[in-house]
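Trainee: with the sequence up front, the predicted model follows.
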Protein chains: 2
Amino acid sequence: MDTLKKNWFTEDCEMWPGGTFSIEVKEVLYSEPSAYQKINVFDTTKFGKVLVLDGIIQCTEKDEFAYQEMISFLPLCLHKNPEKVLIVGGGDGGVAREVAKHPKVKEIVQVEIDEKVIEVSKKYLPFMAVGFDSPKLKLHVCDGFEFMANHKHEFDVIITDSSDPVGPAVNLFRENYFILLKNALKPNGIICSQAGTVWNDLDLVSNILQICKNQFAKAAYAYASVPTYPSGQIGFVIGSLDKDVVFDKPVHVFTEEDEKEMKLRYYSTDIHKAAFVLPTFVKQHLRKVSG
Amino acid sequence: MDTLKKNWFTEDCEMWPGGTFSIEVKEVLYSEPSAYQKINVFDTTKFGKVLVLDGIIQCTEKDEFAYQEMISFLPLCLHKNPEKVLIVGGGDGGVAREVAKHPKVKEIVQVEIDEKVIEVSKKYLPFMAVGFDSPKLKLHVCDGFEFMANHKHEFDVIITDSSDPVGPAVNLFRENYFILLKNALKPNGIICSQAGTVWNDLDLVSNILQICKNQFAKAAYAYASVPTYPSGQIGFVIGSLDKDVVFDKPVHVFTEEDEKEMKLRYYSTDIHKAAFVLPTFVKQHLRKVSG
């Protein structure tokens, strides 16, 4: 049996036993624990700079745009007037970078609990941390639960850019979090949360979709291709207070000129529609989710 | 830096340096070289039985259906009357299993060069090798190039289920192979070939699409999610002699009843349409391909 060479970082997570991804490291740029998690930043031979939290790859310079664009533009393009947006998490700055591009967005509030992630991203991951430079953005270092409990009915769109449901992010996948999200929205508001992948844990996906359906007038699951996430995919749950929303019919339609102007590399109006078309085994499984 | 534990198999391929996938092995069921390649079959902790050729994962029991269904049903559902089908490669039997399901298919001819792959699959991978039991199938152990040179204008659909373009399969990604394919087709015939992934090698994808466009009236690239392939995806080029084909409008449309009857777990008519919707960076890159 083979064993990996030195200078390779291997993911190790209880969530996906039996298979793992490894990445060849040129240089360890940062490796320290924060108050919340172990933070690593690697420079790699083929994936550029890579952010790792608690042993799990969060984003690589090669493919982060796919995730950041999709988690941002899916909900933004489904809301008629997404003027005020809340980002929970997203300490690397990538989601703020994308949200700021949408022409209807006037004000972005971001709450990230771990100041160290912000600092490290500003120093080592400027291609994402550029998002913090937006004049539309107000950044708070605090707990998203507390923040939302004190900010009711304020936001048009709320994006939760969290790590996976092990460790500090586990509470972001529970029903009381989705109740907070709902209450922080204005009428007809929309939320979008990272929601795991169908190949690794279809039950996790159906659980979070069920929670979302319990709290929102409409909910659906969509996915994107991100090679450095487990199974090469990442999924999102989207919940809307507007019962007339049609998830695969975005209300903001972009031309190719718009795509170029916003420097979109993954998201397009057609990709938006296709993201909700699920493989047959997923479609059948998620049909059991009621609501 | 971490190194992998014993009992893990790690892929090692010059085609995708800098990142690699590893899989935990319960038991090595088979490990011998054939006349053409090194064959391994593993029983794994989370992916079931796994076929590995020359160190590269070809299919796992967990996700092989996604690949086999897509490479088969994409071309079959674009041809008005796919009565006679040629499969080149596919020695595990999985593509034959899927092709035999299509109600219009009357006759399947398969040519596989490596008899050992067929034998090993029959012994250890019966969930795929069941494809060899179809009364529609005639299986020949011979070289696909020679076979096609002697069988002109015979087939409605030709599917090339090859390994990646390193080692024995490299010739299946060259222009003279696509000329043979074209000449082995009846009028309005369609071909579908495994064609690499956009995240790993966009130039390989655009090269093979260019070759296909040079030889066929119409050609396009589509993709599917298969977590145990590098980058979690696999792509296909499809070429048609029928200039009126519209790749994202299948002529055979399946109901959910049809899906169940054929035991489809990935492919559906909607998935067919979505498979041709490419992320913006891919769409822009492939636009440079002329024809």
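Mentor: Now that the structure is in, tell me what you want to look at.

Trainee: quick check: closest non-adjacent residue to the residue in chain A positioned nearest to chain B.
Mentor: Per CB to the nearest CB, the residue of chain A with the smallest distance to chain B is A:G232, at 1.2 Å. (C-beta placed from N, C-alpha, C; glycine too.) With CB to CB, 6 or more residues apart in numbering or on different chains as the measure, B:G232 is the residue that lies nearest to A:G232, at 1.2 Å, once sequence neighbours are left out.

Trainee: what's the burial count for that neighbour?
Mentor: A count of nearby residues for B:G232, using other CB atoms under 10 Å in any protein chain shown, gives 26.

Trainee: so it touches B:A224, yeah?
Mentor: No - at 10.0 Å, B:G232 does not count as touching B:A224 under the criterion of CB atoms under 8 Å.

Trainee: excluding covalently adjacent residues, which one is nearest to A:D54?
Mentor: Nearest-residue entry for A:D54: A:Q37, 4.8 Å, with adjacent residues in sequence omitted and distances by CB to CB, 6+ apart.

Trainee: strands of chain A, start to end?
Mentor: Counting by DSSP state E, chain A has these strands, from start to end: A:8-10, A:19-33, A:38-44, A:49-53, A:56-60, A:84-89, A:107-112, A:137-141, A:155-161, A:185-194, A:218-225, A:233-240.

Trainee: could those go into CSV alongside mean neighbour count?
Mentor: Below are the strands of chain A laid out as CSV (neighbours: other CB atoms under 10 Å in any protein chain shown):
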stretch, mean neighbour count
strand A:8-10, 20
strand A:19-33, 17
strand A:38-44, 20
strand A:49-53, 23
strand A:56-60, 23
strand A:84-89, 25
strand A:107-112, 22
strand A:137-141, 15
strand A:155-161, 26
strand A:185-194, 22
strand A:218-225, 23
strand A:233-240, 24
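
Trainee: read off the pLDDT value for A:P33.
Mentor: What the model reports as pLDDT for A:P33 is 97.

Trainee: need the contact list for A:N40.
Mentor: A:N40 is in contact with A:F9, A:V28, A:Y30, A:S31, A:L51, A:V52, A:L53, counting by CB atoms under 8 Å, 6 or more residues apart in numbering or on different chains.

Trainee: what is the lowest-mean-pLDDT helix or strand in chain A packed up against?
Mentor: Across the helices and strands of chain A, mean pLDDT, DSSP states H and E gives its lowest value to strand A:8-10, namely a mean of 93. Strand A:8-10 sits against strand A:19-33, with contacts defined as 3 or more CB pairs under 8 Å, 6 or more residues apart in numbering or on different chains; DSSP states H and E.

Trainee: each with direction, which strands does the strand it packs on pair with?
Mentor: strand A:8-10 (antiparallel), strand A:38-44 (antiparallel), strand B:19-33 (antiparallel) (DSSP bridges).

Trainee: tell me how far that strand is from the chain's mean position?
Mentor: In terms of CA atoms, centre = their mean, to the nearest Å, the gap separating the centre of strand A:19-33 from the centre of its chain is 21 Å.

Trainee: check stretch A:230-246 too.
Mentor: Between the centre of stretch A:230-246 and the centre of its host chain there is 11 Å, according to CA atoms, centre = their mean.

Trainee: give me the mean pLDDT for that stretch.
Mentor: In the prediction, stretch A:230-246 has an average pLDDT of 96.

Trainee: end-to-end on that stretch?
Mentor: Distance between the boundary residues of stretch A:230-246 (CA to CA, to the nearest Å) amounts to 29 Å.

Trainee: same question, stretch A:128-142
Mentor: Distance across stretch A:128-142, first residue to last, is 20 Å (CA to CA).

Trainee: and stretch A:126-136 with chain B, contact?
Mentor: No - no part of stretch A:126-136 sits close enough to chain B to count as contact by CB under 8 Å from any CB of the partner chain; the gap is at least 15.1 Å.

Trainee: quick check: buried residues in that stretch?
Mentor: Judged by neighbour count (16 or more other CB atoms under 10 Å in any protein chain shown), stretch A:126-136 contains these buried residues: A:F127, A:M128, A:A129, A:V130, A:G131, A:F132, A:S134.

Trainee: ok, for the first one, nearest residue in space, not its chain neighbours?
Mentor: To tie it back to what came earlier, the one meant is A:F127. Across the structure, with CB to CB, 6+ apart as the measure, the residue nearest A:F127 apart from its sequence neighbours is A:E61 (6.2 Å).

Trainee: on that earlier part again, as JSON lines, the strands paired with strand A:19-33 with distance to B:L74 would be great.
Mentor: Rendered in JSON lines, the data for the strands paired with strand A:19-33 read as follows (distance: least, CB to CB, whole Å):
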{"stretch": "strand A:8-10", "distance to B:L74": "35"}
{"stretch": "strand A:38-44", "distance to B:L74": "34"}
{"stretch": "strand B:19-33", "distance to B:L74": "25"}
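
Trainee: relative to A:K182, which of the ones you listed is closest?
Mentor: Of all these, the one in closest proximity to A:K182, counting by CB to CB, is strand A:38-44 (31.5 Å).

Trainee: and the closest one, average pLDDT?
Mentor: pLDDT averaged over strand A:38-44 equals 97, rounded to a whole number.

Trainee: now the angle between strand A:49-53 and it, please.
Mentor: With axes from the mean of the first three to the mean of the last three CA atoms, to 10 degrees applied, the angle from strand A:38-44 to strand A:49-53 works out at 160 degrees.

Trainee: surely the residue nearest to A:F127 and A:G48 touch.
Mentor: Yes - because the distance of 2.7 Å satisfies CB under 8 Å, A:E61 is recorded as touching A:G48.

Trainee: between these two, what contacts are shared?
Mentor: Counting by CB under 8 Å, 6+ apart, no residue touches both A:E61 and A:G48.

Trainee: low-confidence stretches in the stretch 101-250 of chain A?
Mentor: Applying pLDDT under 70 to the stretch 101-250 of chain A flags no residue at all.

Trainee: burial of the residue nearest to A:D54, as a residue count?
Mentor: What A:Q37 shows, counting by other CB under 10 Å, is a neighbour count of 20.

Trainee: show me what contacts it?
Mentor: Here A:Q37 is in contact with A:L53, A:D54, A:D114, A:S163, A:G167, A:P168 (CB under 8 Å, 6+ apart).

Trainee: get me the contact residues on the stretch 51-200 of chain A for chain B.
Mentor: Contact residues (CB under 8 Å from any CB) of the stretch 51-200 of chain A with chain B: A:K62, A:D63, A:A66, A:W199, A:N200.

Trainee: need the contact list for the first one.
Mentor: So that's A:K62. Listed by CB under 8 Å, 6+ apart, the contact set of A:K62 reads A:K46, A:F47, A:G48, A:P227, A:T228, B:W199.

Trainee: with the fourth one instead?
Mentor: Listed by CB under 8 Å, 6+ apart, the contact partners of A:W199 are A:S231, A:Q233, B:K62, B:D63, B:S225, B:P227.

Trainee: need the phi and psi values for it.
Mentor: Note on A:W199: backbone dihedrals following degrees, to the nearest 10 are phi -80, psi -30.

Trainee: before we move on, the earlier item: ok, which of the strands paired with strand A:19-33 comes nearest B:K80?
Mentor: The minimum distance between B:K80 and these falls on strand B:19-33, with 39.4 Å, by CB to CB.

Trainee: and the residue nearest in space to the middle of chain A, bridged to which residues?
Mentor: With distances taken as CA atoms, centre = their mean, the residue of chain A nearest its centroid is A:D161 (3.7 Å). Here A:D161 sits in beta bridges with A:G89, going by DSSP bridges.

Trainee: contact partners for it?
Mentor: When contacts are counted by CB under 8 Å, 6+ apart, A:D161 is found next to A:I71, A:I87, A:V88, A:G89, A:G90, A:G94, A:V95, A:Q194.

Trainee: A:E61 too?
Mentor: Taking CB under 8 Å, 6+ apart, we find A:E61 in contact with A:F47, A:G48, A:K49, A:V50, A:L125, A:F127.
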